[in-house]
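Asker: could you look at this predicted model? Sequence included:
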Protein chains: 2
Amino acid sequence: MKPPTRAEQIRTTLSDDIVHGRLRPGDALDEAGLAQRFAVSRTPIREAIRQLEANGFAEARPRRGAVVAAFTPQRIDEMFAVMAEVEALAARWAARAMTAPERHALEAMHRASNRHVVDGDLPAYQDHNFRFHEAIYRGAHNGYLAELALHVRQRVAPFRRAQFEAPSRLTRSYAEHDRIVEAILRADADRAAGEMQSHMSIVRGAVDLIPAMPEAAPARGQARAAR
Amino acid sequence: MKPPTRAEQIRTTLSDDIVHGRLRPGDALDEAGLAQRFAVSRTPIREAIRQLEANGFAEARPRRGAVVAAFTPQRIDEMFAVMAEVEALAARWAARAMTAPERHALEAMHRASNRHVVDGDLPAYQDHNFRFHEAIYRGAHNGYLAELALHVRQRVAPFRRAQFEAPSRLTRSYAEHDRIVEAILRADADRAAGEMQSHMSIVRGAVDLIPAMPEAAPARGQARAAR
DNA sequence: GATGATTTGTACGTATGTATA
DNA sequence: ATATACATACGTACAAATCAT
């Protein structure tokens, strides 16, 4: 598609490493080391790091190097609260704007995912889950919202790794998806938004289990934003 | 502050040039030319451009250079719709979460701005307007939402330059702010969100007047692909 | 369609600021 | 506190690809 440049490829790889947990919040991004790992000079590495920084995946201090972005528990709460609102908005608009074929496709995709639930196939369900939410973004028929939702989702990703750890969550997620799909099919925008909201709240609840901050910290921020 | 590095300074300057209209959507970002203008080598320029790209201010194709991001009217509509929702969300949360001192400060700031309205002092009012909305972001007590709202606002900025061109808009803006402030002071979250929504809708209406796309064919490059 | 000019992408070297002894 | 080590920021050189002729 678009990125035949080394810097872009490296950015994508690093970004992926962060989202999938191979690089963890707080890990250092050493230019020389990464240059060796990717067998390139430091130049493309630098550009990749700068892009990660601009996307919020890394934090850099001039002359002091960069680390994978790490946040306080309070900040993570904030990000989840915002993500829930953005997802709810997408669901609301999707309930109104989706075409008939889109609705059918969403329903079909959702129903097919039941197979992964009964199989207990976690990776497959995670993959489906991503595409499910993405389909709703697109269904909102607002490209900028889709872009923003994806951005937020990516930002939050490093902190929701443990999401589906328990098999029960998988069943539960499917049930919640079911309610969302039903609301969207009925073009019930308010209910779609509401169901998505609680879906995301539950996702957030599943994340406390992560050893979020290796770094340190001013501990326990609970100041949960209203909903 | 934080950015003593050349690349950061340049990024800020360019970003400012874009937001304030000195660089317009579609303008080319030539590395050599900018390097000369800022009296530095191409390296910091490249880094600055990459950051602009990641922030959505520039669009670059590998080996083909970068231009200031240009969007279709539809895309601009989409961005405004999303901005309205984000601003409404901030107002909703601010109505719930603001402390008493914050509420008083908001009210005071708003009332003081009336002076700029009667004076017809456009620059002063624009400055106030920015701080007014920023105060609401902060009042939502969610740092990530504030960051996101600012991000969206900045993205939309190049397309809302003509916002207050007519003096009547200034009066109207003040009246709308008034309704927003009143709702927030009463902690009426739904009404705060609703008032903010219509406020932003009207802002959007004022923007059609902008010669948004200097789409008139530049000698270089060919027609831009639509999404 | 081939060739030359221009511009971007990558490699590498140097200087400066930060951290450590 | 001074000095040393080291990683980063910037500059320069070359290679490769695109645009123009």
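Answerer: Received it, and whenever you're ready, just let me know what you need. Predicted model, so just to flag it, every value in this text is computed and none were measured. Numbering: from 1, shown residues only, chains lettered A, B, ... in the order given.
Asker: tell me which residues touch the nearest residue to A:Glu53 once chain neighbours are set aside, please.
Answerer: Distances taken as C-beta to C-beta, 6 or more residues apart in numbering or on different chains put A:Ala60 closest to A:Glu53, at 5.1 Å, once the chain neighbours are dropped. All C-beta spots, glycine's among them, are computed from the backbone N, C-alpha and C. Neighbouring residues of A:Ala60 by C-beta atoms under 8 Å, 6 or more residues apart in numbering or on different chains: A:Ile49, A:Arg50, A:Glu53, A:Ala66, A:Val67.
Asker: so what pLDDT did A:Ala60 get?
Answerer: We note a pLDDT of 93 for A:Ala60 in this prediction.
Asker: next, it: secondary structure please.
Answerer: Of the three states, A:Ala60 takes strand according to DSSP: H, G, I helix; E, B strand; the rest coil.
Asker: tell me the spacing between A:Leu145 and A:Leu34.
Answerer: Counting by C-beta to C-beta, to the nearest Å, the separation of A:Leu145 from A:Leu34 is 34 Å.
Asker: so between the two, which is more surrounded?
Answerer: More neighbours surround A:Leu145 than the other of A:Leu145 and A:Leu34, with 23 against 20 (other C-beta atoms under 10 Å in any protein chain shown).
Asker: how about the residues of chain A near DNA strand D?
Answerer: Proximity of chain A to DNA strand D, by C-beta under 7 Å from any atom of the strand, involves residues A:29-32, A:42-43, A:46, A:60, A:62-66.
Asker: please repeat the previous calculation with a cut-off of 10 Å.
Answerer: Contacts of chain A with DNA strand D, taken as C-beta under 10 Å from any atom of the strand, map to A:4-5, A:28-35, A:41-43, A:45-46, A:49-50, A:53, A:60-67.
Asker: isn't A:Ala69 right up against A:Ile49?
Answerer: No. Using C-beta atoms under 8 Å, A:Ala69 is not in contact with A:Ile49, being 11.7 Å away.
Asker: common neighbours of those two, please.
Answerer: Each of A:Ala58 lies in contact with both A:Ala69 and A:Ile49 under the rule C-beta under 8 Å, 6+ apart.
Asker: count the residues that sit near A:His177.
Answerer: 25.
Asker: please report how far it lies from B:Phe38.
Answerer: Distance, A:His177 to B:Phe38, using C-beta to C-beta: 51 Å.
Asker: residues contacting the closest residue to A:Leu34 other than its chain neighbours?
Answerer: Counting by C-beta to C-beta, 6+ apart, the nearest residue to A:Leu34 once its immediate chain neighbours are dropped is A:Ile45, at 4.8 Å. Taking C-beta under 8 Å, 6+ apart, we find A:Ile45 in contact with A:Ala7, A:Ile10, A:Glu31, A:Leu34, A:Ala35, A:Phe38.
Asker: quick check: bridge partners of the residue nearest to A:Glu53?
Answerer: Each beta-bridge partner of A:Ala60 is listed here: A:Ala66, as defined by DSSP bridges.
Asker: how about the residues of chain A near chain B?
Answerer: Chain A has residues A:2-5, A:7-8, A:46-47, A:50-51, A:53-55, A:61-62, A:75, A:78-79, A:81-82, A:85, A:89, A:142-145, A:148, A:152, A:223, A:225-226 near chain B, with proximity defined as C-beta under 8 Å from any C-beta of the partner chain.
Asker: repeat that for 6 Å
Answerer: Within chain A, the residues that sit near chain B (C-beta under 6 Å from any C-beta of the partner chain) are A:4-5, A:47, A:50-51, A:54-55, A:62, A:78-79, A:82, A:85, A:89, A:142-145, A:225-226.
Asker: list buried residues within the residues you listed.
Answerer: A:47, A:50-51, A:54-55, A:78-79, A:82, A:85, A:89, A:142-145, A:225 (16 or more other C-beta atoms under 10 Å in any protein chain shown).
Asker: can you tell me which of those residues is nearest A:Ala95?
Answerer: Checking these against A:Ala95 with C-beta to C-beta, the nearest one is A:Leu89 at 10.8 Å.
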